[in-house]
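Student: any chance you could fold what I've pasted below:
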Amino acid sequence: MTVAVLYSRALSGMDAPLVTVETHLANGLPSFTIVGLPEAEVKEAKDRVRAALQNARFEFPARRITVNLAPADLPKESGRFDLPIAIGILVASGQLPGDQLAQYEFAGELALTGELRAFRGALAMVCRAAGSGRAFILPCDNASEAALVEHAEVYPAASLLAVCAHLSGAEKLARSEAAVAPGVGHYPDLADVKGQQQAKRALEIAAAGAHNLIMVGPPGTGKSMLASRMAGILPPMTLDQALETAALQSLGSAGFKLEQWRVRPMRSPHHSASSVALVGGGGNPRPGEISLAHNGVLFLDELPEFDRKVLEVLREPLESGYISISRAARQAEFPARFQLVAAMNPCPCGYLGDAKGRCRCTPDQVARYRGRISGPLLDRIDLQIEVPALSPDDLLTAPAGEPSSAVRQRVAVAYEQALARQGKPNAQLGTREIDRLCKLDEAGEALLKTAIARLNLSARAYHRVLKVARTVADLAGAERLATQHVAEAVQLRKFDRA
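Tutor: Below you'll find the model as predicted:
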C-alpha cells in the first residue's frame, strides 16, 4: 500500500473542521513534502516525524513522500498533525496495518524520542469528533480534558509506539473515562468587606440576573475587593456552560486545567491591554479576554485608564453575547457572554467632593476624565452605583458581613426561578419577553414614567431598568413587579441620576 488516509482536526475559532491526512509514497529521489496550506509549525513536522520514527526503531522510507492535508484552502497550524503524519508514513510503507484507520481520528505533537506531547484545543476537537462517530487518539496530557465530552471515545497514548501497538492489535490502549468532580473556586469571602451595604446588594442583584455593573468611588473604598468576590456568589454552571467555557480556555495560550472544571472564570486584564487582547484576534484568531471570561466575570479596574478605542470594542459583545473576528483571509466567531464589572474614580485625583477638600480637579478635568467612557457603553451597563468612603466608626466597629455562601444560595434560587420561567437570565430578556414578564401596576408605571422624564432615559436604559426590577422581584420571591422593585432599579442607575 503506497497511499494511507487518516483523519485529524484543524481549529477555526471554536470550530474544529475535519482534516484528511493523505500520505503517498512514490519512487524517485528521497524527499518529504507537506502540502495543503501548512504553516511553519506544520512544515517543521518533517524533522520531528523523521527523528521520532528512527528513534522508535522504524524504517524511514528513502522514497518520495508527499503528505496532503485536505481541504487545501484551510490553513493548518500547530504540531498536532505530527502523529497522523507519522502513522500515515508507517501505513503507506507497509510497516503498520491500515485496516482500522477509518475508525479513529489522530492528533498529537511528537518529541524527537517518539513521545507524545499535549497540544492546544483538544476539547474543541473531541467535541466535533464525538459527533462524527469516530474515536480519538491523543496524548495522555490531553486525555483528562478530552474525556469531559459525554459519549466521546478517547484513547490516550504516551508515545508513537503505544499508538502503533494499538493499531496492530499487540496491546490495546485503555479508553479514558471521565470521572471529574467540579473544581473549587478559591474566591475571597464577601464577609471580609465592611459596610458598603448598597454595593453588596448591587453585587447580589447583578449575580442573580447576570447584569453588568460599574462602581464609582474614591480610592480605598473597597471597589476592587467587591469585584474580586463577584465570581464567588454566581450560581453553579450547567454542564453545557462548563463545556463551552472549558473549550474556550483550551483554545487560549494558557490552556485548560482540570481544576477549573465548572468554576466560573474571573478575568481582570490590565488597563494597558490592547483591543486585540480584549476581544481576540491574530493571524489564526484566538479568543481574547472577553471570551475567556465567558460564563464568568470580566473585571476592568480603573476603567477610564483604558484606551477609549479599546473600550468601544465591548459595545457589540455586551449586547449580542459573541464576538465575530474578521480578517482578510479568515473569520472566526467566539462566544462572549460575560458579566462586566468595572470600577473607576469620580475624578482624576479620585477625591471629588471630599469633605477634607483634597480634590483640586477643575470641572473641565472631571468632564474630560468621565468623557473617556462613552454614553453608549454606559447605557449598556445595567447597574451603576456609588461606593462612598467609610466613616471611621463604620470601619472600626462595623460587624462582619454576610458570607458569600449565604448570598450565593439566594442568588441560585432567583437564578433558577428565572431559568424555569423564561429559560435565560433576566439580563438576556428580549423586548417582547420584557413586555410579557415585566408588567407593572399603576403605581409602578407612574413611577417609571416620572423617572424616564426626569432622568431622560433612553429606550435601552428603560428596558434595562425593567430587567433589573424583574431580578429584584425574583430575589424577593414576587411574581409581579411592584413599585418598590422599580424604585430600587432606578436608584441603581447612578449616572442617569447625575
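Student: show me the residues around residue 281 that make contact.
Tutor: 288, 325, 327 (C-beta atoms under 8 Å, 6 or more residues apart in numbering). All C-beta atoms are positioned from the backbone trio N, CA, C, and that covers glycine.
Student: how many residues are close by the first one?
Tutor: Neighbouring residues of residue 288 were enumerated by other C-beta atoms under 10 Å; the total is 27.
Student: now do residue 103
Tutor: 13.
Student: pretty sure it contacts residue 134?
Tutor: Yes: Residue 103 lies in contact with residue 134 (C-beta atoms under 8 Å); the separation is 6.1 Å.
Student: now do the shared contacts for these two.
Tutor: Counting by C-beta under 8 Å, 6+ apart, residue 103 and residue 134 have no contacts in common.
Student: domains of the chain?
Tutor: 3-168, 190-402, 429-498 (automatic domain parsing).
Student: dump the ones you listed to a markdown table, plus distance to residue 409 and mean pLDDT.
Tutor: Below are the domains of the chain laid out as a markdown table (distance: least, C-beta to C-beta, whole Å; pLDDT from 0 to 100):
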| stretch | distance to residue 409 | mean pLDDT |
| --- | --- | --- |
| domain 3-168 | 27 | 92 |
| domain 190-402 | 9 | 88 |
| domain 429-498 | 11 | 85 |
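Student: any chance of the ones you listed in TSV with distance to residue 176 as columns?
Tutor: Shown next, in TSV, are the domains of the chain (distance: least, C-beta to C-beta, whole Å):
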stretch	distance to residue 176
domain 3-168	4
domain 190-402	12
domain 429-498	40
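Student: on that earlier part again, dump the contacts of residue 281 to TSV, plus distance to residue 147.
Tutor: TSV is the format used below for those (distance: C-beta to C-beta, whole Å):
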residue	distance to residue 147
288	27
325	30
327	33
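Student: identify, from these, the entry nearest to residue 444.
Tutor: Proximity of these to residue 444 (C-beta to C-beta) peaks at residue 288, which lies at 40.1 Å.
Student: need the contact list for the closest residue to the closest one other than its chain neighbours.
Tutor: Computed as C-beta to C-beta, 6 or more residues apart in numbering, the closest residue to residue 288 that is not its neighbour in sequence is residue 280, at 3.4 Å. Residues near residue 280 by C-beta under 8 Å, 6+ apart: 286, 287, 288, 290, 291, 323, 325, 332, 334.
Student: wait, what's in contact with the nearest residue to the last one once chain neighbours are set aside?
Tutor: By that I understand residue 334. Distances taken as C-beta to C-beta, 6+ apart put residue 291 closest to residue 334, at 4.1 Å, once the chain neighbours are dropped. With contact taken as C-beta under 8 Å, 6+ apart, residue 291 is in contact with 248, 279, 280, 323, 334, 335, 336.
Student: all strands of the stretch 151-300 of the chain, in order?
Tutor: 154-157, 213-216, 266-267, 280-281, 286-287, 297-300 (DSSP state E, counting those that start in this stretch).
Student: the ones you listed into a markdown table, with extra columns for distance to residue 406?
Tutor: Listed next are the strands of the stretch 151-300 of the chain as a markdown table, based on distance: least, C-beta to C-beta, whole Å:
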| stretch | distance to residue 406 |
| --- | --- |
| strand 154-157 | 40 |
| strand 213-216 | 20 |
| strand 266-267 | 20 |
| strand 280-281 | 37 |
| strand 286-287 | 34 |
| strand 297-300 | 19 |
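Student: and residue 17, which of those is closest to it?
Tutor: Nearest of the strands of the stretch 151-300 of the chain (C-beta to C-beta): strand 286-287, 16.3 Å.
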